[in-house]
Each structure stands twice: as C-alpha cells, then as structure tokens.
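**Student:** Task: produce atomic coordinates for the following.
(chains A and B)
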Amino acid sequence: MPFLNEKSPAVTSESLSVRQNAHTVLEEITFQVAPGEMIGVIGPNGGGKTTLLRTLLGLIRPFAGRSTLLGCPSARLGPVRAKIGYIPQKRTHDRRFPLSAADVVQTGLYSPETLLRPIRRPQRERCREMLEMVDALPLAERSFGDLSGGEQQRVLLARALVRRPLLLLLDEPAAGLDPKAQYLFMEKLRQLRQRFALTILLVSHDLASLAAYVDRILCINRTMHIHGEPQQVLQSSALKKIYRCSYDLLRMAASREDENR
Amino acid sequence: MISAMLGYGFMQRALLAAVLVGALCSTVAFFVVLRRLSFLGVGIAHTALGGISVGLVTGLNPFLCGSVFALLSALAIGDISRRGRYDEDTVIGIFFAAGMAFGIALLSSLKGYYPEIFSLLFGNILSVSTADLLILAAVMVAVLLFISLFFKELLAISFDEEAARAGGLPVAPLYFGLLAAMALTIMVSVKLVGIVLASALLVIPAATGYRLSRNYRAMFVLSLLTGIGGSAGGLVISYLFDLPSGAAIVLFMALLFGASMFYQPRTIRRKKGGEQKNTGDGPLYKNI
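**Tutor:** Next up is the predicted model:
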C-alpha cells in the first residue's frame, strides 16, 4: 500500500488550479507536507482554503495540476480514505438531529468496507475510547445537538480519529468557539498529534490561534502567497497585503508565543 | 361495529393495505424528514399525474405509467439539483407544475366521464384488489430491503454528507436509491389516499416521531407506530363516519401529530461527577 512508505510526503500539491463557474478559485498551488508535520493553511474568508482541502480529498476536480494524499492521487484515493480523518467546515447542525455523541463518532467508521456489515462490539468500544481521548466520554449518550460548540468539535475530532488515521484534514475546527474552548481544542490536538504521530493540515482564517501550534504556515488567497515557519510568515509584508488590514494583532500573537518559549 | 366492518372482504383487503402502506410510508418518511425532502415528496406525487394521464389516454395501465413517470421525475429532480446550479426547491416547483399541466392537457382530450380520475386524485382504498395487494407487497419488500441494507449509511449521509463523501461512502447512488424508494412508495400509497394526499404519509409519521424523541431508534419506532396506527385508525374512522378514506387517514394522522406537539421530550442532562449511563450493550442498528 502506498501510504506505508514513511519517507514519501503525506500530502503533495503540484501546480493545483481550481475553477468554479468560470472563476479561478485556486491558482498554481504547490507544496508538500512531510509525515508528522502540522501545517496551518491561513488566508481571508473566500480565499479558497476550503476548496483546497476538498480538492485534496478528491471532492472537487481540479482544472489543472495534481495532488496526492498518502501517496495516492486525489482522484483515486480508494483504500487510503480509511487513513484520512476529516472535519468539514462547521455548518449549523440541525439541533434536533436524533443522534447521540456516540452515534456521531460511530459514523466515522463507515467506509466502503463496512457497507452491508454491521458494526460490532469491538468497534463500538473503540468509539467510546475515542470519546474518552477527547475528554467527551461523559457526553456519549447526550444528543449531539444539545452539546456546546466546543464539545461538538471534540466529538467530531473523535469521529475523525476513530478511523485510526495517519492524516487529519481539519477545516476551521476552532472557528466560532470561545477562547477557552479554542485553547482546549488546540491543546487536545497537540497531545493527540504527538501520541499518534499524526500529519495534520489545518485550515483557519485566524493566524493568531494557529501560530503556537503549527510547524509551517501556508498563506492562501487564490494563489499561494507565503509559505514558511510561523515567525517568518508573521514578519512578512505579504501578509498585510493579503489581509488588507493592520496585522498588529498577529504580531501580538507572535510575541506571546515567544514569551511562552 | 368493527367486527361488522371486517365482515366485508373488501374491508379486510383495505385494512391490510392500510397497515402495509402505513408501515412502508413511515419507514421511508424517517429519511424524508431527516433529509428534509418533504417538498420533493409533494412534487413527485403531483408529477405522477402526467404519467397517469398518459395511461388513461393511450389505454396502458395508468398506475404503471404513473410509476414510471414518478420514478423518472424523482431521479431527474435529484440529478439537476445535485449539479448545484439550481436550488432543489426551484427544480421541484417547476417539475411539479409542468407534470400536472401535462396531465391536465392530456386529460382534456378525453371524452366522457372517467371515475378513475377522481379516485386517483383522492384515493379509493375500498377498491383495493388482490392484485393491488401483491404489487404493494412487492414494492414493500424492495424498499424495505434497500433501507435495511443501507440504514447506517443513509443515516450518516443525512447527518453530514460532506464527511460521508470524504469517507468514501457511495453518496450519490444511495441518494438516488432513496429517491427511487420515495417514488415507488408514493405510487403505492396513491391507491390509498390519492395523489393529492400521498405525500402527507411521507411526512406526518416521521415528523411525529421526530417531535417525540431525541434518538433515532425511538424516532423510528414512533414513526412506524404513527404510520400504522394512523392509517388503520383513519380507515376505521372513514367507515364509521362515512368519510372518504384518504381524507380520514390524513386528518387522523395530522391529529396525532397535533397531539404530539403538547409533549416536550426530556433531554438527557449531564450527570454530576462525570458519571454516565452505559447503554452500549445492544447492537446499534437493531431496530430493522
């Protein structure tokens, strides 16, 4: 299986371009992610970050260029899908949708291999282990819609992890959470990343909340503007151009990170 | 009084049909409500009028023509709206009106009086024949087989289609399968309550279950009970008060839904000290 080779990059994107309704949404995106790396993808809203994740996952066909996940081309991920955990961009989940937190985690197990097969006790046990890992076991039987935003995101993280992934793709997982819930989520992610040697690609419009956690940052607004370590990116003048606003706040985040070191 | 009612052969067949249609519709309704497809149900039922008219004008079996028409329009509506250029609502609205207009135009060419038209529009459960029951049973086996085989996937897709697609589930085939199941279910319930009211059976039972429960297992069972109880109870009411069967069934079900609105389901509260009930013993998808 291609994904067993530890030396090859976990994610590659070569001159990836995406057009939707005659508009270019992404243009010439080229980068690689090494196994075990955590990359933050930032950029303004509407800059194509979600489109990038969806293209990598093979949910959108690119106009030009190529991409691979765990060594397989995005268009034919096949069995490696089982090794990819994904948290899509948060939408307003139907508050009354009749699934408990444990039911939601279980949906993460479903794949072409589980079609026509019942989910057995060891797999259900694994769902509970994952809930425990994200400190959500006491919520297992509660209705997913009744949980707070932070709790919901941790349950969705458990759903992504229950597949035993090598690679996590997270789309704005901490957006809309209060600062404490954001912090808890990112700390949990940091722990789990170390424990399972995960490769993580995390999309956010908020550089400040990412800088302390990621190894490298890609800055995308249709095209790729900057690519580097958080410090380097924070000091780059291109950042100001992309966000078209003062980035003092971002600098503050960077200096806070320095203090922590 | 009810034993007198069951003394008639046609009443026995009608009651059997009502129970079967109630069970079938409430099973499909479970996903219609969770995926918010109720307007699609209305659209499919009304579009079928076009096919039924083709049957009446050409002398082919109107019911069969209606089924083919309903099936094709359900798949077409699904395909056009999945391409994402038009809202599902818009597409349904157009198919709905065009299908009916086509039917009305064709029917105007017929000379004389056709009592079938009235019973197709408003249902006539008392005319259910043994052949009708066999068709109903066949559709029921096919639809229930599809839903029970793919229940967990259909549920996962209803909850989060994007994650299901990324996980490799065959989202589009399952969606079209569900639409086909809806179209066939609507066509067999047309016999019971008619085109105008058929789509109600695909909404009310599950909407009642949805109101009363916070977990899909309970919602499914309550939906089934409302569907079977509503159609059998409605039939008895129509016999007792000499009302049209379709209207009596839909009104009785609506009454059940109305009654459910007075009940507030209890939400499971967070237990102190992190304790929680372990209910993970039984199989998760045991109810079908």
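
**Student:** Assumed A:T68 was part of a strand.
**Tutor:** Yes: counting by DSSP: H, G, I helix; E, B strand; the rest coil, A:T68 is found in a strand.

**Student:** Let me know whether it touches A:L77 as I believe.
**Tutor:** No: A:T68 lies out of contact with A:L77 (CB atoms under 8 Å); the separation is 9.0 Å. From N, CA and C alone the C-beta is placed, and that goes for glycine too.

**Student:** Are there residues contacting both of those two? Which ones?
**Tutor:** Contact criterion CB atoms under 8 Å, 6 or more residues apart in numbering or on different chains; residues shared by A:T68 and A:L77: none found.

**Student:** Now do the same contact list for residue 127.
**Tutor:** This is for chain A. Neighbouring residues of A:C127 by CB under 8 Å, 6+ apart: A:A102, A:V105, A:Q106, A:G108, A:L109, A:A158, A:V162.

**Student:** right idea, wrong chain: chain B
**Tutor:** Per CB under 8 Å, 6+ apart, neighbours of B:S127: B:F10, B:S119.

**Student:** how much space between it and chain A?
**Tutor:** B:S127 sits 38 Å away from chain A, taking CB to the nearest CB, to the nearest Å as the criterion.

**Student:** B:S231 too?
**Tutor:** Per CB to the nearest CB, B:S231 is found 23 Å from chain A.

**Student:** Excluding chain neighbours, give the residue nearest to that residue in space.
**Tutor:** Closest residue to B:S231 apart from its sequence neighbours, by CB to CB, 6 or more residues apart in numbering or on different chains: B:G22 at 3.5 Å.

**Student:** you'd agree the one you found is up against B:G230?
**Tutor:** Yes: using CB under 8 Å, B:G22 is in contact with B:G230, at 6.3 Å.

**Student:** any residues in contact with both of these two?
**Tutor:** Here B:G22 and B:G230 have B:P205 as joint contacts, going by CB under 8 Å, 6+ apart.

**Student:** Any stretches of the stretch 101-250 of chain B with poor pLDDT?
**Tutor:** For the stretch 101-250 of chain B, no stretch has pLDDT under 70.

**Student:** need the helices for it, in chain order.
**Tutor:** Secondary structure of the stretch 101-250 of chain B (DSSP state H, counting those that start in this stretch): helices at B:115-122, B:130-149, B:151-159, B:161-166, B:171-193, B:195-201, B:204-212, B:216-240, B:245-260.

**Student:** Make TSV from these and add mean neighbour count to it.
**Tutor:** Formatted as TSV, the helices of the stretch 101-250 of chain B follow (neighbours: other CB atoms under 10 Å in any protein chain shown):
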stretch	mean neighbour count
helix B:115-122	16
helix B:130-149	15
helix B:151-159	23
helix B:161-166	21
helix B:171-193	23
helix B:195-201	26
helix B:204-212	25
helix B:216-240	22
helix B:245-260	21
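
**Student:** So which of those helices is nearest A:S15?
**Tutor:** Proximity to A:S15 (CB to CB) singles out helix B:161-166 among those, at 23.2 Å.

**Student:** Figure out how far that closest one is from the centre of its chain.
**Tutor:** Between the centre of helix B:161-166 and the centre of its chain there are 26 Å (CA atoms, centre = their mean, to the nearest Å).

**Student:** Does it pack against any helices or strands, and if so which?
**Tutor:** Counting contacts by 3 or more CB pairs under 8 Å, 6 or more residues apart in numbering or on different chains; DSSP states H and E, helix B:161-166 packs against strand A:84-87, helix B:151-159, helix B:171-193.

**Student:** Please produce JSON lines containing these, extended by distance to A:I119.
**Tutor:** Below are those laid out as JSON lines (distance: least, CB to CB, whole Å):
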{"stretch": "strand A:84-87", "distance to A:I119": "18"}
{"stretch": "helix B:151-159", "distance to A:I119": "7"}
{"stretch": "helix B:171-193", "distance to A:I119": "17"}
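
**Student:** hmm, back to that, filter the contacts of A:C127 down to the buried ones, ChimeraX style.
**Tutor:** Selecting only the buried entries of those in ChimeraX, with 16 or more other CB atoms under 10 Å in any protein chain shown as the criterion:
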select /A:102,105,106,108,109,158,162
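
**Student:** Show only the entries of the contacts of A:C127 found in helices.
**Tutor:** Among those, the members found in helices (DSSP state H) are A:A102, A:V105, A:Q106, A:A158.

**Student:** pretty sure the second one is touching A:L157, no?
**Tutor:** No: counting by CB under 8 Å, A:V105 does not reach A:L157; the two are 9.5 Å apart.

**Student:** one step back: contacting residues for the residue nearest to B:S231?
**Tutor:** By CB under 8 Å, 6+ apart, the contact set of B:G22 is B:L201, B:P205, B:G227, B:I228, B:G229, B:G230, B:S231, B:A232.

**Student:** again, 7 Å this time
**Tutor:** B:G227, B:I228, B:G230, B:S231, B:A232 (CB atoms under 7 Å, 6 or more residues apart in numbering or on different chains).

**Student:** Check A:P165 too.
**Tutor:** Contacts of A:P165 by CB under 7 Å, 6+ apart are A:K83, A:I84, A:G85, A:L198.

**Student:** pretty sure B:I77 is touching B:G41, no?
**Tutor:** No: contact between B:I77 and B:G41 fails when scored by CB atoms under 7 Å: they sit 11.0 Å apart.

**Student:** intersection of neighbour lists for those two?
**Tutor:** Common neighbours of B:I77 and B:G41 (CB under 7 Å, 6+ apart) do not exist.

**Student:** So which of those two has more stuff around it?
**Tutor:** B:G41 (25 against 22; other CB atoms under 10 Å in any protein chain shown).

**Student:** All good on my end, thank you.
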